[in-house]
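**Q** Predicted structure and sequence below. I'll ask about it afterward.
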Amino acid sequence: MKPVLILLFELAGLLLGLLALLFPNATIIFVFFSLGNLLIVIGLAGYVILVLKDLKKHKVL
Amino acid sequence: MDAVGTSFGIVRALGVALILLSSGVILIVALRAFKKPEKPSAKWGLLVAFGILPLGLLLVSDAILLGQMKEVTFCGSCHPMEPFVKSFEGLADSTLAAVHAKRHLIPHQQCYTCHTDYALMGDVKAKLRGLRHLYAYYTSDDQQRPKLYSPYPNANCLQCHTGAAKYEESPTHQTISEELKKGEISCLDCHGPAHPGGGEGSSE
């Protein structure tokens, strides 16, 4: 995953989390909260893969 | 707004400020790291921007939102729940839930306090049921009165009333204490209905 894509996923996830915090409504909380969490987790996974690839490139792994 | 509501509002505002601030930091640090990706400082920058900050914010915002889901306003934001929440406000309503709310026997988070099973997995079960309710709310045309999945467990009443002098000294409670603990007699058989319309004690 490209770093720019990771950045977009994580910022989008944070934005959804922000909206869920601003509007305490059941639907918004459940939908935005779940989707926001998912996007951040995808971003984090992408970052871990990026780090692993970098470590492999530098023959640390 | 009570003290708990006010402090919760402050926590929420802090959460919003933290997310806004951190998003700015993530954006700046990441963009600087993209310009010179081979520099060691860029790697540390990315660790903060892509790893530490998002993970920290994820945990903080989740904790705040999970707390928010315990509020009565959250439960009342779906239309079928409105009569239950409104019954807390009507002075004439003498149903069990309304009495608990109006007398401040349960000062806040009344729905969550009574409807979360008093067990290790009680919280998790309540959240999963919440998701199911949301799905049913949007997929079913028949917005009928919500019903319990199983008879109301006495353990949810006894978590507060056990040990209380008024409960323990009551001759009736002393006579049937074992049946109450085993759930053979429901608290609601004598003290119901819990909400306007009744029926909470039956096996639904």
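**A** Yes, it's here.
**Q** Double-check B:Thr116 against B:Lys127; I have them as touching.
**A** No. Checked against Cβ atoms under 8 Å, the pair B:Thr116 and B:Lys127 is beyond contact range at 9.3 Å. For the C-beta atoms, the positions are set from N, CA and C on the backbone; glycine is no exception.
**Q** neighbour count winner among the two?
**A** Counted by other Cβ atoms under 10 Å in any protein chain shown, B:Thr116 and B:Lys127 do not tie: B:Thr116 has more neighbours, with 19 against 14.
**Q** State the distance from that one to B:Cys160.
**A** 13 Å (Cβ to Cβ, to the nearest Å).
**Q** Just the helices from chain B, written as ranges.
**A** Assigned by DSSP state H, chain B shows helices spanning B:3-35, B:40-46, B:53-68, B:72-75, B:82-86, B:96-102, B:110-115, B:122-139, B:154-161, B:165-168, B:171-175, B:177-182, B:187-191.
**Q** next one: chain A
**A** Under the criterion DSSP H, chain A contains helices at A:3-22, A:26-57.
**Q** The shortest one close to chain B?
**A** Meaning helix A:3-22. Yes. Against chain B, helix A:3-22 shows contacts by Cβ under 8 Å from any Cβ of the partner chain at A:3-4, A:6-7, A:10-11, A:13-15, A:17-18, A:20-22.
**Q** try the longest one
**A** Yes. Under the criterion of Cβ under 8 Å from any Cβ, helix A:26-57 makes contact with chain B via A:26-27, A:29-30, A:33, A:36-37, A:40-41, A:43-44, A:47, A:50, A:54.
**Q** okay, stretch A:24-40 in PDB with CA atoms only?
**A** This file holds the C-alpha atoms of stretch A:24-40, laid out as PDB (Å, rounded to 0.1, in the frame of the first residue of the first chain):
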ATOM      1  CA  PRO A  24     -24.400  11.600  19.300                       C
ATOM      2  CA  ASN A  25     -27.100   9.800  17.400                       C
ATOM      3  CA  ALA A  26     -27.400   6.000  17.300                       C
ATOM      4  CA  THR A  27     -27.100   5.600  13.500                       C
ATOM      5  CA  ILE A  28     -24.200   8.000  13.100                       C
ATOM      6  CA  ILE A  29     -22.300   6.500  16.000                       C
ATOM      7  CA  PHE A  30     -22.700   2.900  14.900                       C
ATOM      8  CA  VAL A  31     -22.100   3.500  11.200                       C
ATOM      9  CA  PHE A  32     -19.400   6.200  11.400                       C
ATOM     10  CA  PHE A  33     -17.800   4.500  14.400                       C
ATOM     11  CA  SER A  34     -17.600   1.100  12.700                       C
ATOM     12  CA  LEU A  35     -16.500   2.500   9.300                       C
ATOM     13  CA  GLY A  36     -14.000   4.900  10.900                       C
ATOM     14  CA  ASN A  37     -12.400   2.100  12.900                       C
ATOM     15  CA  LEU A  38     -12.200  -0.100   9.800                       C
ATOM     16  CA  LEU A  39     -10.400   2.600   7.800                       C
ATOM     17  CA  ILE A  40      -7.900   3.300  10.600                       C
END
